[in-house]
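1. Task: produce atomic coordinates for the following.
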Amino acid sequence: QLEGIEQAWCASDADANLLAGLRPGLAVTRMGPPLPGAGQGKGFADREGVALVATDNFDAAGDAEAPALQALEELVPAWRRRDMSLRVRVISDWPTPGLAHLAAGVGAEVVPSGGDLVSALSAARLVVAPVSHGTGASSWVPAALAAGTPWLCTPKAVTGTYLEGLEDGAVVADVATMGHRGWELLTDEAAWDAVAGRLRPRLAQLAADRGRALAGALV
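-> Numbers count the residues shown, from 1 in each chain. Coordinates of the predicted model:
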């Protein structure tokens, strides 16, 4: 199937390396899935709380619920000690009993995406994902960008994917750093505005990269 093909695109380094090995000289571009359109802009005061994404990302090597579970166990309790009214939403279309039980235990809402992750994320001030394995962030980061919602994840979430290097400030070393940085974004409007202002250009950058890769591959 690779005969006669000069350019190709993949979402991960692993797939790109596989294609390059099968066909030496093949130009492989790393890019993600189709991108959502930008949603209606909402500011700091029009949003509240934090969102955790646990939708099915079709990543056989990862667990879509694991980052949400870790955030509920390690981040939410610490934030709630500072503000008991902090709203926490877990976005999941098919939550497991374990996720539903843990969410209920810390007072978090489990809400469906409704097939529109951009709208689901536009109500939150922040999305967090302490990822330890898998590439699930690739499925929701474009939606967060389109919603204008700042996001934080650990390096594993983006390493080797088309998101690597997109937004250095969104990648934090560990859960402790995520806790401190996340609280700042949840409570400091100036800090939130500084991050939110960079999101639309990042989405435009991804769209341009994808457009160039797609055009080259079609040619």
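
2. contacts, neighbours, all on C-alpha from now
-> Fine.

3. Okay, buried residues for stretch 191-204 please.
-> Under the neighbour-count criterion of 16 or more other C-alpha atoms under 10 Å, stretch 191-204 has 192, 195, 196, 199, 200, 202, 203, 204 buried.

4. End to end on that stretch, go ahead and measure it.
-> 22 Å (C-alpha to C-alpha, to the nearest Å).

5. Over to stretch 90-97?
-> 13 Å.

6. Over to stretch 133-153?
-> Across stretch 133-153, first to last residue, C-alpha to C-alpha, it's 12 Å.

7. That one: how far from the chain's middle?
-> 1 Å (C-alpha atoms, centre = their mean, to the nearest Å).

8. element containing the residue lying closest to residue 43 once chain neighbours are set aside?
-> Closest residue to residue 43 apart from its sequence neighbours, by C-alpha to C-alpha, 6 or more residues apart in numbering: residue 193 at 8.0 Å. Per DSSP states H and E: residue 193 is located in helix 189-196.

9. List the contacts of that helix.
-> Outside helix 189-196, the residues that touch it by C-alpha atoms under 8 Å, 6 or more residues apart in numbering are 43, 44, 148, 149, 150, 184, 185, 186.

10. which one among the buried residues of stretch 191-204 gets closest to residue 39?
-> Set against residue 39, the nearest of these by C-alpha to C-alpha is residue 200 (10.0 Å).

11. on contacts alone, who are the packing partners of the host helix or strand of the closest one?
-> Using DSSP H and E, residue 200 sits in helix 199-218. When contacts are defined as 3 or more C-alpha pairs under 8 Å, 6 or more residues apart in numbering; DSSP states H and E, helix 199-218 packs onto strand 7-10, helix 137-147.
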